[in-house]
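Peer 1: Here you go, sequence then predicted model.
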Amino acid sequence: NRFYMIERPRVKKTLPTVLSKSEVRSLLESTNNIKHKCILSMLYSTGLRRTELLNLKIADIDSKRMVVHVRHGKGNKDRVTLLSETCLHDLRVYFTQCRPKIYLFEGVNDARYSSSSMARIVKQATYKAGIRKRVTSHTLRHSFATHLLEDGVDIRYIQQLLGHNSTTTTEIYTHVARNSF
């Protein structure tokens, strides 16, 4: 086949943007709105993708086991990820104030919170925190994985928390970690 001889363009692989722990702290402290604070802290402390967080239901938070059940994540896979004490405390305050009915984060008419609203929250918090990097919800996921790796957590465990099929996907964080192996 003559098409086998055509040279294909190389895919450009860039390293992920990662925030420092102090930048994450200032990002979380930059908002006074409890709902926005919970969204930001859940993105960072659980390593969820934006759609996974938006699809979370109240029943997916297991405060006894301190885990979050991700149902039908990317690739229609289920998994379990961590829930921090501070995040749980903020979620309890949020729950008593906002009283969501079905989804953990709801918008107008008890509907699922919108993706664009979440992106706006991240952008505003980044601006208020004075962070000059381009920060998205996925940047918080990258930061979560990198900080776990820097703290000495096994890469296979991080792979499970992020929902990656292969450790090869997770190994990208070894290139941006401070104490690379």
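Peer 2: Happy to help now that I have it. Numbering: from 1, shown residues only.
Peer 1: In a helix, Val24, correct?
Peer 2: Yes - assessed by DSSP: H, G, I helix; E, B strand; the rest coil, Val24 belongs to a helix.
Peer 1: mind listing what it touches?
Peer 2: With contacts defined as C-beta atoms under 8 Å, 6 or more residues apart in numbering, Val24 is in contact with 44, 140, 143, 147. C-betas here are computed from N, CA, C, even on glycine.
Peer 1: Same question for Ser41.
Peer 2: Ser41 makes contact with 28, 84, 86-87, 90, according to C-beta under 8 Å, 6+ apart.
Peer 1: all strands in the chain, in order from the N-terminus.
Peer 2: 61-62, 67-70, 79-82 (DSSP state E).
Peer 1: so which of these gets nearest Val108?
Peer 2: Of all the strands of the chain, strand 61-62 sits nearest to Val108, with 22.3 Å by C-beta to C-beta.
Peer 1: Rounded mean pLDDT for that closest one, please.
Peer 2: In this model, strand 61-62 has a mean pLDDT of 95.
Peer 1: want to throw the strands of the chain into JSON lines with distance to Val176 and mean neighbour count?
Peer 2: Converted to JSON lines, the strands of the chain look like this (distance: least, C-beta to C-beta, whole Å; neighbours: other C-beta atoms under 10 Å):
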{"stretch": "strand 61-62", "distance to Val176": "30", "mean neighbour count": "16"}
{"stretch": "strand 67-70", "distance to Val176": "24", "mean neighbour count": "20"}
{"stretch": "strand 79-82", "distance to Val176": "20", "mean neighbour count": "17"}
